[in-house]
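Asks: Need coordinates for the following:
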Amino acid sequence: MTRDTAKLGGRIWFNVILFGFMGQIAWAVENMLFNTFLYNSVYNGATQTAVDNTIDVMSAISLMVAFSALTAVFSTFLIGTWSDKAGNRKRFIAFGYILWGITTAVFGVISRDNTAALLHLSDETKILTVTVSFVIVMDCVMTFIGSGGNDAAFNAWVTDVTTTKNRATVESVLALLPLIATAAVMGLAGAVGGIGYNVFFIVLGAIVSVCGVIGLCTLKDGKIQTEVSESYVKDLLYGFKPSVVKENKRLYLTLAAYCLSATAFQVFFPYIFIYLGNVMQFSLDSVLASLTPSVMLAAAIIVILAIALVVFTGKLMDKLGKEKFLIFSVLLYVAGLIATGFADNVALFFICAVPALLGWALFSIATNALVRDFMPAGKVGVFQGIRMIFYVLIPMLVGPFIGNLICRISSVTYTNEYGVVTSAPGAVMFWASAAVAVFILIPVVLLKKKYKEES
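Replies: I've put the predicted structure just below:
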């Protein structure tokens, strides 16, 4: 089987799904449970004096997301370019996942009590401040390793083993994995109350590491075309050259479109678990208790149909052209976000979230496939860092800042079981997200115009 065929072998599909899914599980845990870990474990139980005299929990979450984004981009630039020069992705993926799991497990030993014992601290404010700092620093360490294995090496590997004839199909599967991973993490979150964050993080870290060990046996590098120079620094800076930007206008327009989409997503996503649990009073236990066999069957049928629809759409994009689906998916995304902001109960919230998530998924399939199509041959690893600037750095710096600002202005608060008052996210963040998402249409229109000029 040659690389020019639209068909992919079972080995490739196995690794796409395994490493794609486990990577999304790890990122979902970081993006959601690390935030709730700060909110419900590190800050929870601290005195009002300690809470009032250290960084606000919402600001701490925003800061953690920002530093994580910077670290992810730095790691992807270094590892992506390194994998090009080495002509190998397998080792970076497998060993990256092994170490990724180990650093995730470290979160299982972070607590205020352990901080106090380790540093011999007795002042509540200092203990809380230092523990929060530990979480943020370890998040950066975990992100550096995870981005090297997933964002740099795995994403480059996917580009290596796919073609323009099958990338939207592969991306349709990859686009489903974050949604499935998010649902899985939401389900796993119910176990946190029973086993605690410490056991949860240790077990999850072990699973991610095992995935890396499996990769040592199952991964096989595709044909890696490399056009690297003798200067490592020169390759790192390649994507910033004005001449390169000019030669690859469609690539940068697509990256800009995805950047706005991801920024809109990050306005609410870091705070979604806190919003559902503490503002909407969503209880996973009550939902599980209400699941009858008929409800579970109906839910399973809906999920299967949704998966089939998304994969079918990916195949359709490969045949008809990915750019033809962009405007529709943006409008669906915006409409869903606006509706979600009006939801005043959990059931209505999840109903309204469906079009938003579907629009986001369709847009991600099209743009991710187009980005792979437009990447210059021989520079796939080098461009993973450029990709991360648009996919992660800008969205995760700007999005959570907007969400935090909007929520603090709306003055929503939450009083925990200890009687301590802290700030909380509000529904207005979904409308702010929709406002950002509208701007996606600008690069999309320019991209479609570029297609007409070159057709």
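
Asks: what sits against Ile79?
Replies: Ile79 makes contacts with 92, 96, 147-149, 152-153, 384, as judged by CB atoms under 8 Å, 6 or more residues apart in numbering. Backbone N, C-alpha and C define where each C-beta goes, glycine included.

Asks: And the helix or strand containing it, what's buried?
Replies: Using DSSP states H and E, Ile79 sits within helix 57-86. Residues 57-58, 60-69, 71-84, 86 are the ones in helix 57-86 that count as buried (16 or more other CB atoms under 10 Å).

Asks: need the strands for this protein, in chain order.
Replies: In the chain, the strands defined using DSSP state E lie at 413-415, 421-423.

Asks: Isn't Cys407 up against Ala427?
Replies: No. Counting by CB atoms under 8 Å, Cys407 sits too far from Ala427 to count as a contact (9.5 Å).

Asks: ranges for the helices of the stretch 101-250 of the chain?
Replies: In the stretch 101-250 of the chain, helices defined by DSSP state H, counting those that start in this stretch lie at 112-119, 124-147, 155-161, 167-218, 232-236, 242-247, 249-268, listed in chain order.

Asks: out of everything not next to it in sequence, what's closest to Gly148?
Replies: Using CB to CB, 6 or more residues apart in numbering and skipping the chain neighbours, the partner closest in space to Gly148 is Ile79 (3.7 Å).

Asks: And the pLDDT for that neighbour?
Replies: On pLDDT, Ile79 comes in at 90.

Asks: could you measure it against Met142, distance?
Replies: From Ile79 across to Met142, the span is 14 Å (CB to CB, to the nearest Å).

Asks: before we move on, what about Ser410?
Replies: The gap separating Ser410 from Met142 is 32 Å, by CB to CB.

Asks: the more surrounded of these two?
Replies: Met142 (26 against 15; other CB atoms under 10 Å).

Asks: doesn't Thr103 make contact with that one?
Replies: Yes. Using CB under 8 Å, Met142 is in contact with Thr103, at 4.1 Å.

Asks: just the helices in the stretch 251-400 of the chain please.
Replies: Taking DSSP H, counting those that start in this stretch to define them, one finds helices in the stretch 251-400 of the chain at 272-274, 284-289, 293-320, 326-342, 346-374, 380-388, 394-410.

Asks: just so I know, which of those helices lies nearest Glu124?
Replies: Among the helices of the stretch 251-400 of the chain, the nearest to Glu124 by CB to CB is helix 272-274 (22.6 Å).

Asks: ok so, going back, ok, Cys407 and Ala427, which is more surrounded?
Replies: Using other CB under 10 Å, the more surrounded residue of Cys407 and Ala427 is Cys407, with 26 against 19.

Asks: Which residue comes closest to the more buried one once chain neighbours are left out?
Replies: Pro425 (4.6 Å).

Asks: Against Leu128, how distant is Pro178?
Replies: The spacing between Pro178 and Leu128, counted by CB to CB, is 32 Å.

Asks: Compare the two and say which is more crowded by neighbours.
Replies: Counted by other CB under 10 Å, Pro178 and Leu128 do not tie: Leu128 has more neighbours, with 26 against 21.

Asks: per-residue pLDDT, that one?
Replies: On the pLDDT scale, Leu128 is placed at 90.

Asks: what do you get for Asp4?
Replies: As predicted, Asp4 sits at a pLDDT of 44.

Asks: again, but for the one 5 residues further on
Replies: Turning to Gly9, the model gives it a pLDDT of 80.

Asks: State the distance from it to Thr218.
Replies: 12 Å.

Asks: Name the residue in those two with the higher neighbour count.
Replies: More neighbours surround Thr218 than the other of Gly9 and Thr218, with 14 against 11 (other CB under 10 Å).

Asks: Quick one: residues contacting that one.
Replies: 11, 14-15, 18.

Asks: Those residues in helices, which ones?
Replies: Those of the contacts of Thr218 mapping onto helices are 11, 14-15, 18, per DSSP state H.

Asks: Are any of those buried, and if so which?
Replies: Counted by 16+ other CB under 10 Å, those give 15, 18 as buried.

Asks: separation between Gly149 and Ser75?
Replies: Per CB to CB, Gly149 is found 9 Å from Ser75.

Asks: Check Pro400 too.
Replies: With distances taken as CB to CB, Pro400 is found 19 Å from Ser75.

Asks: go on, Tyr451?
Replies: 33 Å.

Asks: what residues are up against Glu171?
Replies: By CB under 8 Å, 6+ apart, Glu171 lies in contact with 314, 364-366, 368-369, 372.

Asks: Would you format those as TSV with neighbour count included?
Replies: Converted to TSV, the contacts of Glu171 look like this (neighbours: other CB atoms under 10 Å):
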residue	neighbour count
Gly314	27
Ser364	23
Ile365	28
Ala366	29
Asn368	24
Ala369	26
Arg372	25
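
Asks: Touching stretch 400-414 from outside, list them.
Replies: Here stretch 400-414 makes contact (CB under 8 Å, 6+ apart) with 58-59, 61-62, 65-66, 263, 266-268, 270-271, 278-279, 421-426, 428-429, 432-433, 436.

Asks: Buried subset of those residues as a PyMOL selection?
Replies: Listed next is the PyMOL selection for buried residues among the contacts of stretch 400-414, using 16+ other CB under 10 Å:
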select buried, resi 58+61+62+65+66+263+266+267+268+270+271+278+279+422+423+424+425+426+428+429+432+433+436
